[in-house]
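>>> missing the sequence, but the structure's below:
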């Protein structure tokens, strides 16, 4: 098994998630792209765990998953609150902090 | 490596799809493809515990939460792909690609050494080995996680909870409000027109037709209109119905004479534009056909 293809795939997925966060306007899709970036980093962690022969990488990936779950719960609740107040899930409409 | 070479293109294509699909539900389903493929890669990387957790937590819980919120929020203008800041999308793509190129180039300059493999570490089973680590060296982080989860649950409850600020409207108050609206603005106090009345069929996505043949926006759900899933009846079928009712035909043929005794034709020759743009609710290929004369 080689390590490089896994790491490169992880980098590509991370880049795609990054571009998605910058380009998309729907707050929920932006959130999905953040999840994609977290998943990409998880893949790198699990790959390094195998390459180095100890399980610390898998533990780190496990903690990333836990934090991602908590983040999704709070983030989606925030999106729901914004949607309820402004009837829109577009990130462009939530520009009140600008002024 | 076979699993990797099969799954990697699928994952990259699905991830690119998230960038390009218009509907958020499609993006969620493509994300599910990426996550399930990642779970299979975890299994290939000797991480059976993370394989199960990935399926259960990500695909099972997080994605379902995403879909649930999508159903609550519905569709709105944020699904559109029109860019609001000029040049932002191009600039973001260029910067993102530069970032990716930097990442790939710097990674390709590294050597990762030989792969040790997890055979020794997974000696007594992967789950047992992970538990040994988690409950010895990482026990503090694990306990902190529980505080994080409780805080997240509390936060979600607090954010999603809505305090009722006014008394709940009963049937009597609603009726009084309707009559007050009618007295002030002339808004129709009765129920909205049903979909499918006087149309090709009585499905909910077929709007009721007004006497001049234009679709009535009030008769269809807002969500269907936002999705663009509204049909209009073809003009021949409207004419068929009108002929049965003894009225003059509407249609692409220009009807120039206006006879005052037939109010249907008077409406017809000078079609009053509906309050809402009809092009929004009808399919693009049928847009404007019912009121296509004049």
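On my side now, so go ahead. All values reported here derive from a predicted model rather than from experimental measurement.
>>> Backbone dihedrals for residue A:26, both of them.
phi -70, psi 120 (degrees, to the nearest 10).
>>> Dihedrals phi and psi, residue B:209?
The phi/psi pair for residue B:209 (degrees, to the nearest 10) is phi -100, psi 140.
>>> For it, the count of nearby residues, please.
24 (other CB atoms under 10 Å in any protein chain shown). All C-beta atoms are positioned from the backbone trio N, CA, C, and that covers glycine.
>>> now residue B:151
Residue B:151: 12 neighbours (other CB under 10 Å).
>>> And for residue B:132?
12.
>>> So it versus chain A, what's the distance?
9 Å (CB to the nearest CB, to the nearest Å).
>>> Can you tell me the element the spatially closest residue to residue B:113 that is not a sequence neighbour falls in?
Nearest residue to residue B:113 in three dimensions, chain neighbours excluded: residue A:51, at 7.2 Å (CB to CB, 6 or more residues apart in numbering or on different chains). For residue A:51, the host element (DSSP states H and E) is helix A:27-52.
>>> tell me the angle the helix or strand following that helix makes with helix A:27-52.
Downstream of helix A:27-52, the first helix or strand assigned by DSSP H and E is helix A:56-86. Orientation note: helix A:56-86 sits at an angle of 180 degrees relative to helix A:27-52 (axes from the mean of the first three to the mean of the last three CA atoms, to 10 degrees).
>>> Which positions within helix A:56-86 qualify as buried?
Neighbour-count burial for helix A:56-86 flags A:57-63, A:65-66, A:68-80, A:82-83 (criterion: 16 or more other CB atoms under 10 Å in any protein chain shown).
>>> so what's the closest residue to residue A:50 other than its chain neighbours up against?
Excluding its sequence neighbours, the residue lying closest to residue A:50 (CB to CB, 6+ apart) is residue B:45, at 5.0 Å. With contact taken as CB atoms under 8 Å, 6 or more residues apart in numbering or on different chains, residue B:45 is in contact with A:6, A:46, A:47, A:49, A:50.
>>> Which one (most neighbours) among the residues you listed?
residue A:46 (29 neighbours).
>>> so it touches residue A:61, yeah?
Yes: contact status for residue A:46 versus residue A:61: in contact at 5.3 Å, counting by CB atoms under 8 Å.
>>> between these two, what contacts are shared?
By CB under 8 Å, 6+ apart, the residues touching both residue A:46 and residue A:61 are B:47, B:50.
>>> Helix or strand: which one has the residue in the stretch 101-250 of chain B that chain A sits nearest to?
Nearest residue of the stretch 101-250 of chain B to chain A: residue B:116, at 2.9 Å (CB to the nearest CB). Assigned by DSSP H and E, residue B:116 falls within no helix or strand.
>>> looking at it, it is touching residue A:53, isn't it?
Yes: between residue B:116 and residue A:53 there is a contact at 2.9 Å, judged by CB under 8 Å.
>>> before we move on, the earlier item: among the contacts of residue B:45, which pair sits farthest apart?
A:6 and A:49 (11.0 Å; CB to CB).
>>> What distance do you get for the residue nearest to residue A:49 when sequence neighbours are not counted to residue B:68?
Computed as CB to CB, 6+ apart, the closest residue to residue A:49 that is not its neighbour in sequence is residue A:57, at 2.9 Å. Distance from residue A:57 to residue B:68, counting by CB to CB, to the nearest Å: 32 Å.
>>> Could you do residue A:86 as well?
From residue A:86 to residue B:68 the distance is 20 Å (CB to CB).
>>> and if you look at residue A:96?
26 Å.
>>> now do residue A:76
Residue A:76 is 8 Å from residue B:68, by CB to CB.
>>> Could you do residue B:157 as well?
15 Å.
>>> show me what contacts the residue nearest to residue B:113?
A:3, B:112, B:113, B:115, B:116.
>>> and with 7 Å instead?
A:3, B:112, B:115, B:116 (CB atoms under 7 Å, 6 or more residues apart in numbering or on different chains).
>>> what about the second one, which SS state?
Read that as residue B:112. coil (DSSP: H, G, I helix; E, B strand; the rest coil).
>>> Please give the element, helix or strand, for residue 6.
Looking at chain A here, since you left the chain open. Assigned by DSSP H and E, residue A:6 falls in helix A:4-23.
>>> was after chain B, sorry
Assigned by DSSP H and E, residue B:6 falls in helix B:2-20.
>>> which outside residues touch the helix or strand that that helix is followed by?
Moving toward the C-terminus from helix B:2-20, the next helix or strand (DSSP H and E) is helix B:24-44. Contacts with helix B:24-44, where a contact means CB under 7 Å, 6+ apart, come from A:26, A:28-29, A:32, A:35-36, A:39, A:43, A:46, B:3-4, B:7, B:10-11, B:14-15, B:17-18, B:21, B:50-51, B:54-55, B:58-59, B:63, B:66-67, B:70, B:79.
>>> Next, the buried residues of helix B:24-44.
Result for helix B:24-44 [16+ other CB under 10 Å]: buried residues B:24, B:27-44.
>>> Whichever helix or strand comes after it - contacts with which helices or strands?
Following helix B:24-44 in sequence order, the next helix or strand is helix B:48-53 (DSSP H and E). Where contact means 3 or more CB pairs under 7 Å, 6 or more residues apart in numbering or on different chains; DSSP states H and E, helix B:48-53 is packed against helix A:56-86, helix B:24-44, helix B:126-134.
>>> Quick one: low-confidence residue ranges for chain A.
Where chain A drops to pLDDT under 70, the residues are A:97-99.
>>> rerun at 80
In the predicted model of chain A, residues A:1, A:86-89, A:91-99 satisfy pLDDT under 80.
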